[in-house]
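Undergrad: Fold the following for me, if possible:
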Amino acid sequence: MPTISIVDSDVTFECSHDDTLLAAGLRAGVGLPYECNAGGCGSCKIRVHEGETRTLWEGSPVWTEADRRRGRVLGCQTVPVTDCTIAVREVAANRPLLRPQRRTGILQSVTKLTHDMGEFVFATEGSAAFLPGQYAALVLPTGCRRIYSMSNLANELGHWHFIIRAVAGGTASAQLFSSDALGQQFVLDGPFGLAHLRDTGRDIVCVAGGSGLAPILSIIRGALSDPHFINRRIILLYGARAVRDLVSDRTFTALPGFDQRVTYNAILSDPAPDDAWTGRRGLVHETLSDAVGGQWSEHEYYFAGPTKMTEAVYRTLTEHAHVPPEQLHFDRFY
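TA: Numbers count the residues shown, from 1 in each chain. Sure thing, here's the model as predicted:
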């Protein structure tokens, strides 16, 4: 098994030939930089000083020709062929509180949530250990690997819940939504992710769109069930295009304590003529000001959803409201 050494430090860790530099480092408790863990954000770039590596995704749009010339690779898309010496700045905040592990899981159930989204429940041996808001990598029987966020909470039963959207022409969703997917065996690798629930003493604002609802549900469940958050108010803004894209209100109202502690608003950007929608219309980031009543910096923000939505929310909070970046929690997915 190759040994990976970080220059100008005494940090070393082992990385198998079928594991990435990033995942192996996190498994060893090393605080490597990353966000999406899928080759789309470029946060995990590492310079390889010595040794040979292999790239899993040659066509990643954030792995540039300049990176290649300088010996930089994407940690989440690179596996070692030999022992390697790498240059990377460890980030103390990225040291995993729960080290990721590979598990074998069985798809137990699929529940339809909207016309194109379902909740998928996988069962693994042992407990399901993760923090509210984290995600895992799901490796399908064909070898296809995709990143999905958990929507439930850690549990001793080994149950992992994911909200997944069917993508037209999508390799992974075609397999997951197929009639013979139930009972199939998958590899589940995790947990990963830095946008997990934190107790800062502030009230919480959650913004969700599409399947980004999964980590937001997990965060809300975590806050409602944790005694440390008993005095925290939660504002949930849920954006969708039309009524058929919204999950049932009961998904939220059935949560213990929801009526007493959560303010919920659904916002539609393009309701259909026959939707008879009487609620808020527009883009979800446009509702933030009203939601917080001008008390921008008194809240902790968690958001997940389509890239354009998360970017708009981020710009609103940083450029317009000047909320400190440490109060914003989201993982960049592209």
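Undergrad: how about low-confidence regions in the stretch 201-334 of the chain?
TA: Within the stretch 201-334 of the chain, the stretches with pLDDT under 70 are 333-334.
Undergrad: all strands of it, in order?
TA: If you assign secondary structure with DSSP state E, counting those that start in this stretch, the strands in the stretch 201-334 of the chain sit at 203-209, 234-240, 262-268, 280-281, 299-304, 328-329.
Undergrad: What helices and strands are in contact with the last one?
TA: In other words, strand 328-329. Contact here means 3 or more C-beta pairs under 8 Å, 6 or more residues apart in numbering; DSSP states H and E; on that basis strand 328-329 packs against strand 299-304. Any C-beta I mention is one placed from the backbone N, CA and C, and that applies to glycine too.
Undergrad: The strand it packs on: partners in the sheet, and parallel or antiparallel?
TA: strand 203-209 (parallel), strand 328-329 (parallel) (DSSP bridges).
Undergrad: between it and strand 234-240, how many degrees?
TA: 30 degrees (axes from the mean of the first three to the mean of the last three C-alpha atoms, to 10 degrees).
Undergrad: Run through who's touching strand 299-304.
TA: Under the criterion C-beta atoms under 8 Å, 6 or more residues apart in numbering, residues 133, 149, 195, 197-198, 200, 202-209, 212-216, 219, 235, 292, 309-310, 313-314, 317, 323, 327-331 lie in contact with strand 299-304.
Undergrad: Please produce a PyMOL select command covering the buried subset of these.
TA: To isolate in PyMOL the members of the contacts of strand 299-304 that are buried, counting by 16 or more other C-beta atoms under 10 Å, one can use:
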select buried, resi 133+149+195+197+198+202+203+204+205+206+207+208+209+212+213+214+215+216+219+235+292+309+310+313+314+317+323+327+328+329+330+331
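Undergrad: what ranges do the helices span in the stretch 1-150 of the chain?
TA: With DSSP state H, counting those that start in this stretch as the definition, the stretch 1-150 of the chain shows helices at residue ranges 21-27, 65-69.
Undergrad: how near is residue 53 to residue 89?
TA: 19 Å (C-beta to C-beta, to the nearest Å).
Undergrad: Compare those two (neighbour count), which wins?
TA: Neighbours were counted for residue 53 and for residue 89 using other C-beta atoms under 10 Å; residue 53 has more, 21 against 11.
Undergrad: could you measure the more buried one against residue 80, distance?
TA: Applying C-beta to C-beta, one obtains 5 Å for the distance of residue 53 from residue 80.
Undergrad: joint contacts of the two?
TA: Where contact means C-beta under 8 Å, 6+ apart, the residues bridging residue 53 and residue 80 through contact with each are residue 21.
Undergrad: Show me what the top helix by length along the chain packs onto, helices and strands only.
TA: When the chain is parsed with DSSP state H, its longest helix is helix 213-225. With contacts defined as 3+ C-beta pairs under 8 Å, 6+ apart, helix 213-225 has these neighbours: strand 145-149, strand 159-165, strand 203-209, strand 234-240, strand 299-304.
Undergrad: export those strands to CSV and tack on distance to residue 263?
TA: Conversion of the helices and strands packed on helix 213-225 to CSV gives the following (distance: least, C-beta to C-beta, whole Å):
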stretch, distance to residue 263
strand 145-149, 23
strand 159-165, 22
strand 203-209, 10
strand 234-240, 5
strand 299-304, 12
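Undergrad: Which of these sits closest to residue 188?
TA: strand 159-165 (6.1 Å; C-beta to C-beta).
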